[in-house]
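K.L.:
okay, predicted coordinates and the sequence, questions at the end:
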Amino acid sequence: MGSFVHILDQRRLIGAGGSTVAGDMYFYYSGTSVTAPVFLDSALTIPSANPVVIAAGEIIPLVFLDSSVTYRRVIEYADGTIDEQDPLGVLATEGDLGVPVGSILDYSGGSLPEGYLFCDGTAISRSTYSDLFAAIGTVYGPGNGSTTFNLPDYRGRVAAGKDNMGGTAANRLTTITGTTLGATGGAETHTLITGEIPTHNHTLTDPGHTHTTTATGAGQGHGASSPVVVEYGSGTTGSATTGITLADTGGGGAHNNLQPTLISNKIIKAVPGNFLSLIDLLPDNKANASAVGILPSDTDLGSFTGSTIPDDSTVKAALQALETATEGRTLITDLASTASGMGVELVAGAMRYFRVGDYPSQQAAIDAAESAGGGYVLFPPGRTTLDAQLVLPSTVILMGYGRNVTELFVANGLNATAIKSSGFDALTGQNKWLVSDGVQYGLGLKGLRLNGNKANQTSGGGVQFYAKGLCVEDVIIHDCYGVGWYSEGGDVAGQTDYTDLPEGFFDRVWCRNNGSHGFQFRGPHDLNIGSIFSNQNGGKGVYFERSSGVYSGSADVGLIHSYANTDVGVEINGSSQIRIRQVISESNYKEGLVVAGWFNQISMLQLYTNARTSGSFNAVISGWNNSIGDCQIKDGGESVGGLQITGARNQVSGLDVDGEASTGVGLDVSGNFNKVSGHIEDYSGVGGIGIRTGNSSQLAQSRIDVDFTNCKTGWSNASAGSLNHYNVNGYAATGQTFFTGNGPSGTDENESWNVRGLDQAGNNYFSEIRKLSGGTIDLNSTSEQTITVACTELLGLTPEPEDVTYNIYYTGSNTTWALQYLRLSAVSSSLLTFKVKLSTAAGSTETAQIICSARL
């Protein structure tokens, strides 16, 4: 039982709308709905969950399938799309994907397989074979020392394991440098030297021999009675030889060092595996590709010779079909670059991915995408340096592998905006809108991080677009010298066809540590913004603007989080019809929110610790007809206030302001026609005020429905207003003042005050007091009597005489007495003084009281 890797692994799910989505991937037996086995390892011993759960934007998990099983695969996308393949087929074995660059193989073929080179010591390009150079460097030779390096030279050589492989030397190879990669040694033959001859001796058989001698002889004489004796003399022995010789042997030549040998080629993996190696033009793989719809079953893959595919080869047509089909299935491959190495330039497939590495420059890839009618220009993982400004035309999107994976790094001294839309300089400030006027459309950025390298620039910004129908997602723009994001669109409307549709999509964008504003938006109007995060910028965090007849920055926004910016956290200036679901603005050095525009809506607002170095309030509304709901403001610093409204016709509901013992003002309203409801607390520092109204001018036609607690002064009304409605409740602690300032104008009957309060001493505060009673009227006297009634609970204010109603209160049964007059003669902040005279006395001892009501 073998295993194979599922071919769709290591990619993301792309939904019908072009963005990443989540999904579930099911594996069944072919033709059934019975789940089939899926594994996490190539040995098929660790089962995988089925379905395989795929998170939005995440790489599909790697799974292994049983090669003996015919599978049916179903992917259910979160957006409702269903992708089914039955049968799935075997597209790639584990080995197809597992050969690392730098691996050396024995190869019995005569011509190189794709992705490999002969180990013949050739000098090759360091840039063309960058992966191989990264793996082996100059271990086998430095090439020319700068642009090339050498392949291992295995011609007529065998390999030996590095002697200290794993860390400890085995000392089996000591006559060469066996601990160094690339070391060479040894020879095919060897001639022995004397010291290499073994110690030995020779044997000899002697056949024997004789010698001849010459000597003086001795004799005996005969004769007389006694013999004659002659003595011996001296002599010599003659020379003689045996005829024995020792013969030479051997020729003095070198001996053979070669073991029994079978010759094959040595090849090295030179480039990473790619889709072409998975569908490697072999009939079986072609059939498998056809089975899952990658290639039509009748595709003629053809053949060619040499290292370059001719333009008229059917192989080129087949590769083009493969490129189109794979990208149509949202598979990003390096097929185009692989084919390019063989002399084939492929047109991007259905998804039109243009890899920057396949073109002489980054702009060339963008231009190729434009020429093809648009598409994605794909930047690789890691850092890519931008040596020149990128100019982006309509329908071209720059895309990386995720904001934390792909970085576009602005080169030192570029001193220009990194990415601009085509025609930006000619369009900005010209109030243009239609595509026919040169306005770009459908361009954008996805899944990348733009690093402006501001420390090495003297000018320039991050992005400048004069375009509409934007597609921007999962992007970080940081460390730009000027503005991080700037976009603009005309303050007009109109459409000639679908290209003039204004709506675009903008989500998950971060603007950080830029020299000026993080996000400056002057259009295009009607952009749909999902979320913006802006922090630590040298200007405003998020800045919406409109200039009538020039540009319009209206948008629908889901979330803004702006913090630690040198200027205002979020500012809406002149813009109209911006609708924001939630704003969080905190720790900015100026105001957290400034609304100087009109007809804008913020559904939820949270402001914390803003105005750290300048500004008197967390939030300021100076525009008109704006609406804010669920507004929470907390801790702006020792002297910082909560909300100031100087504009008109604004509505703020659900206001909750906590001053954290501030000496500032919780709510300051000086504009007319405003409506505010909520609660203010803890402006208890010296000079702190909970509510302040009419401070800079007389307030008119506003409605303030606010409670306060624990403020040094609960409510300060600096000037009498007109047609206002106040519904104020509060509590004043010891040493605190409930109310200061002026009451309603006595000439304005439409001014409505409804105030109720209490202090820690038990004193009540009202804007209207009912059933006041006091004094004793002698009903048996006809003299004029002066009666006083205490009136100390009207916020310390003096009511107007016409705002006091009064009568005589009598519970007895005497009907004789008759009233001549009852008059209010004097009014103060503490006493009501009445004059009473009877025309007829009661005739007996009877008394009555004055009962009255007073209001402000």
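P.N.:
Good, I have the coordinates.

K.L.:
let me see the domain layout of this protein.
P.N.:
For the chain, automatic domain parsing gives the domain ranges 1-97, 464-766, 768-855.

K.L.:
determine which stretch of those domains is the most buried.
P.N.:
Ranked by average neighbour count under the criterion mean count of other C-beta atoms under 10 Å, those are headed by domain 464-766 at a mean of 21. Heads up, the C-betas are built off the backbone N, CA and C, glycines and all.

K.L.:
could you give the average pLDDT over that domain?
P.N.:
For domain 464-766, mean pLDDT is 92.

K.L.:
now do it: distance to the chain's middle.
P.N.:
Shown here is domain 464-766, whose average C-alpha point lies 28 Å from the average C-alpha point of the whole chain (C-alpha atoms, centre = their mean, to the nearest Å).

K.L.:
span of that domain from start to end?
P.N.:
The distance separating the two terminal residues of domain 464-766, taken as C-alpha to C-alpha, to the nearest Å, comes to 58 Å.

K.L.:
still on that earlier bit, in TSV: the domains of the chain, plus distance to residue 377.
P.N.:
Below are the domains of the chain laid out as TSV (distance: least, C-beta to C-beta, whole Å):
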stretch	distance to residue 377
domain 1-97	15
domain 464-766	13
domain 768-855	69
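
K.L.:
closest to residue 367 out of those?
P.N.:
Of all these, it is domain 464-766 that lies closest to residue 367, at 17.2 Å by C-beta to C-beta.

K.L.:
which strands and helices lie in contact with the helix or strand in which residue 726 is found?
P.N.:
When elements are defined using DSSP states H and E, residue 726 is found to belong to strand 725-732. For strand 725-732, the contact count by 3 or more C-beta pairs under 8 Å, 6 or more residues apart in numbering; DSSP states H and E identifies strand 689-693, strand 703-709, strand 713-717, strand 752-759 as packing neighbours.

K.L.:
so for residue 529, which of these sits nearest?
P.N.:
Ranking the helices and strands packed on strand 725-732 by their distance to residue 529 (criterion: C-beta to C-beta) puts strand 703-709 first, at 32.1 Å.

K.L.:
the inter-axis angle of the closest one versus strand 752-759?
P.N.:
Using axes from the mean of the first three to the mean of the last three C-alpha atoms, to 10 degrees, one finds that strand 703-709 and strand 752-759 are set 0 degrees apart in direction.

K.L.:
parallel or antiparallel, list what pairs with strand 703-709.
P.N.:
Based on DSSP bridges, the strands next to strand 703-709 in the sheet, each with its direction, are strand 675-681 (parallel), strand 725-732 (parallel).

K.L.:
how about CSV for the ones you listed, with distance to residue 741 added?
P.N.:
As requested, those are arranged in CSV below (distance: least, C-beta to C-beta, whole Å):
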stretch, distance to residue 741
strand 675-681, 16
strand 725-732, 12
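
K.L.:
where do the helices sit along the stretch 451-600 of the chain?
P.N.:
Shown for the stretch 451-600 of the chain, no helices are assigned by DSSP state H, counting those that start in this stretch.

K.L.:
let me know the angle separating the strand holding residue 726 from strand 689-693.
P.N.:
Computed by the same axes, to 10 degrees, the angle between strand 725-732 and strand 689-693 is 160 degrees.
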